[in-house]
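> A predicted structure for the sequence below; I have some questions about it.
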Amino acid sequence: MQWTPFLAAPAAIMLVAPAAATTYLTAEQAQQAIFPGASFSPAGQPGVFQASSGGVVIIDRVIGKHEYIKFAVGIHANGAIKQVEILEYSESYGYEIREAAWRAQFAGKSAASPLQLNVDINNISGATLSSRHLTEGVKRIMTAYATSLKGR
Amino acid sequence: MRRARPLLGTYVEIEAHGCADSMLVRAIDAAFDAVARVQRLMSFHDPDSDLARLNRRAAFEPISVDRWTMAVLRQARQMFEATEGLFDCAAGHELMQRGLLPSQDLGHVAPGTFAAVTLLADNRVRFSAPIALDLGGIAKGFAVDRAIAALRGHGVREAVVNAGGDMRVIGTARPILIRCPTEPDGLVPAGLLQNGAIATSGALATVARDRMTGHAMQPATPRGDRKAYSVVAPTCLVADALTKVLVQTGDIDAGYFAQFGARAFITSPAAANVRAA
């Protein structure tokens, strides 16, 4: 383990503009990730895809207080969840770095203009983010699947 | 390659590089499988988990558990002893009283401490008092460690696993940003981390307990603050567990951090604002 604290005074990073999204998978990649090797056809409703191997992939999104998440639920032919993949995750705010010493590390950026940091969640340590909104989104899809989509 | 799935009540993100895509897909799938296994074994909510079986029955008879559950309980005991009870997974009773955890089938549970947990041979566990364990303060870190082990087992040498803010990195050094609780729009650059783990807690999310009685109590200093309490450690389990202690004491120089090869620090966005202004 090697930990090198930044020696400069802690930098304040302030809210600015819309943040960049992290894209993990396109819709097509998610389909292949969930049912590898299958081919997919639209199942009549937006975001619903029938797998040639049986089962469906449903793509939807949830919007929370601070996040926007696009996700895919893979459902076995028997109605059980196979897999949930996150396609896109974005935070509904951006970050501006105010502290000069920290900003100077980013060569080529004008010190006068607010620096937009492309914040990836894999670099942020914090009190645990709750995935409640996404869990509710998955439940909503499973309910809709059970009542209207199944058996089509 | 980066993937994210909802597990452990949070978003688990896994990033891996340095192999062919087909290998990375297999490695990342195996890493998510490891996290899902930890969730199945150690969820308080799942009535079939090892943890739920322990809480229902271990006060009455020895219960067999998975070796992963046993490994977490062994480490939990080490932490409990090294911190003189400040790290205590036997918080199930308080969390149920506060309505934070379900209490179904757990009417027999009373306040108590981890001292009541007896680890027996052959991965069996017995409680000497009717306590309930909650592994929320340690299992997430363990899951991150198992995910890293799965990635390594598949030949990955460059990776990040982040379970909603508790993370471990292997390979090149990564800049780490800290998100302060109640201040989601403020991030503070903290340092560079290489081949190690970091976890961060907010004071609001943590239940402090009276060491002698096991009753929930207010911390000595009210910490309804906006500070982030972080621990860097060789493993994510240690980082995860020790943040729960740091948030209670606020003492970054306590001996148990060095004992586990860890370092603690506290981040305050308010102070940072003043200094940068």
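Ah, there it is. Bear in mind the structure is a predicted one, so any value in this text is a computation, not a measurement.
> Give me the phi and psi for A:G44.
Main-chain dihedrals, A:G44, degrees, to the nearest 10: phi 100, psi -30.
> what about the strands in chain A?
A:2-5, A:13-15, A:22-23, A:40-42, A:48-51, A:56-63, A:67-75, A:81-91, A:95-97, A:115-116, A:124-126 (DSSP state E).
> ranking those by burial, who's on top?
The highest mean neighbour count among the strands of chain A, using mean count of other CB atoms under 10 Å in any protein chain shown, belongs to strand A:124-126: a mean of 24. From N, CA and C alone the C-beta is placed, and that goes for glycine too.
> Does anything pack onto that strand? Which helices or strands?
Here strand A:124-126 touches strand B:174-179, strand B:196-202, strand B:228-233, going by 3 or more CB pairs under 8 Å, 6 or more residues apart in numbering or on different chains; DSSP states H and E.
> Paired strands for it, with orientation please.
Strand A:124-126 sits in its sheet next to strand B:174-179 (parallel), going by DSSP bridges.
> Distance check, B:I131 against chain A.
24 Å (CB to the nearest CB, to the nearest Å).
> ok so, going back, take the strands of chain A and write them to JSON lines, including mean pLDDT.
Below are the strands of chain A laid out as JSON lines (pLDDT from 0 to 100):
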{"stretch": "strand A:2-5", "mean pLDDT": "91"}
{"stretch": "strand A:13-15", "mean pLDDT": "43"}
{"stretch": "strand A:22-23", "mean pLDDT": "85"}
{"stretch": "strand A:40-42", "mean pLDDT": "95"}
{"stretch": "strand A:48-51", "mean pLDDT": "95"}
{"stretch": "strand A:56-63", "mean pLDDT": "92"}
{"stretch": "strand A:67-75", "mean pLDDT": "90"}
{"stretch": "strand A:81-91", "mean pLDDT": "88"}
{"stretch": "strand A:95-97", "mean pLDDT": "47"}
{"stretch": "strand A:115-116", "mean pLDDT": "42"}
{"stretch": "strand A:124-126", "mean pLDDT": "77"}
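> And those strands: which comes nearest B:E81?
Comparing the strands of chain A by their distance to B:E81 (CB to CB), the top pick is strand A:2-5, with 25.2 Å.
> CA atoms only: put the closest one into CSV for me.
Provided in CSV are the C-alpha atoms of strand A:2-5 (Å, rounded to 0.1, in the frame of the first residue of the first chain):
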residue,chain,number,x,y,z
GLN,A,2,1.2,3.5,-0.9
TRP,A,3,-0.7,6.6,0.2
THR,A,4,0.6,10.0,-0.9
PRO,A,5,-1.6,12.8,0.5
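> Report whether it contacts chain B.
Yes. Using CB under 8 Å from any CB of the partner chain, strand A:2-5 reaches chain B at A:2-5.
> Closest to B:A233 out of these?
With CB to CB as the yardstick, the closest approach to B:A233 among the residues of strand A:2-5 next to chain B comes from A:W3, at 9.2 Å.
> dump the residue contacts of the closest one.
Contact partners of A:W3, counting by CB atoms under 8 Å, 6 or more residues apart in numbering or on different chains, are B:191-194, B:196, B:232, B:263.
> Could you do A:I75 as well?
A:55-58, A:81-82, A:142, A:145.
> Just give me the closest of the residues you listed to B:I28.
Set against B:I28, the nearest of the contacts of A:I75 by CB to CB is A:K82 (16.3 Å).
> Distance of that closest one relative to B:G153?
As judged by CB to CB, to the nearest Å, A:K82 and B:G153 stand 24 Å apart.
> just A:E88 next, same as before
From A:E88 to B:G153 the distance is 29 Å (CB to CB).
> next one: A:V84
Taken as CB to CB, the span from A:V84 to B:G153 is 24 Å.
> Do a quick rundown of the strands in the stretch 151-277 of chain B.
Assigned by DSSP state E, counting those that start in this stretch, the stretch 151-277 of chain B shows strands spanning B:158-163, B:166-170, B:174-179, B:187-194, B:196-202, B:208-209, B:216-217, B:228-233, B:263-267.
> Could you check the angle the first one makes with strand B:196-202?
Between the direction of strand B:158-163 and that of strand B:196-202, the angle (axes from the mean of the first three to the mean of the last three CA atoms, to 10 degrees) works out to 20 degrees.
> Please see if strand B:158-163 touches chain A.
Yes. Between strand B:158-163 and chain A, judged by CB under 8 Å from any CB, the touching residues are B:160, B:162-163.
> Can you pull out the low-pLDDT segments for the stretch 51-200 of chain B?
Residue ranges of the stretch 51-200 of chain B with pLDDT under 70: B:181-186.
> max-length helix in the chain?
Answering for chain A, as no chain was given. helix A:132-144 (DSSP state H).
> I was thinking of chain B, sorry if that wasn't clear
Per DSSP H, chain B has its longest helix at helix B:21-42.
> Can you name the next helix or strand after that helix?
The helix or strand immediately downstream of helix B:21-42 is helix B:50-57, counting by DSSP states H and E.
> List the buried residues for that following helix?
B:50-57 (16 or more other CB atoms under 10 Å in any protein chain shown).
> Give me the sheet partners of the next helix or strand after it and which way each runs.
On the C-terminal side of helix B:50-57, the nearest following helix or strand under DSSP H and E is strand B:63-64. The sheet places strand B:63-64 alongside strand B:124-127 (antiparallel), with pairing taken from DSSP bridges.
> what's the distance between B:L246 and B:G202?
11 Å.
> who touches both of those two?
With CB under 8 Å, 6+ apart as the test, B:L246 and B:G202 both reach B:Y229.
> re the thing from before, same for chain A: which of the contacts of A:W3 are within range?
Within the contacts of A:W3, those near chain A by CB under 8 Å from any CB are B:191-194, B:196, B:232, B:263.
> If you rank those by neighbours, which is first?
B:V232 (27 neighbours; other CB atoms under 10 Å in any protein chain shown).
> quick one on the thing from earlier: of the residues of strand B:158-163 next to chain A, just say which sits nearest to B:E84.
Looking across those and measuring by CB to CB, the closest to B:E84 is B:A163, at 27.7 Å.
> Now for that closest one, how many residues are close by?
28.
> How about the contacts made by it?
When contacts are counted by CB under 8 Å, 6+ apart, B:A163 touches A:128, B:7-8, B:10-12, B:35, B:140, B:143-144, B:236.
> Most widely separated two among these?
Among the contacts of B:A163, B:Y11 and B:C236 lie farthest apart (CB to CB), at 15.5 Å.
> The two: who's more crowded?
The neighbour comparison of B:Y11 against B:C236 (other CB under 10 Å) goes to B:C236, with 30 against 23.
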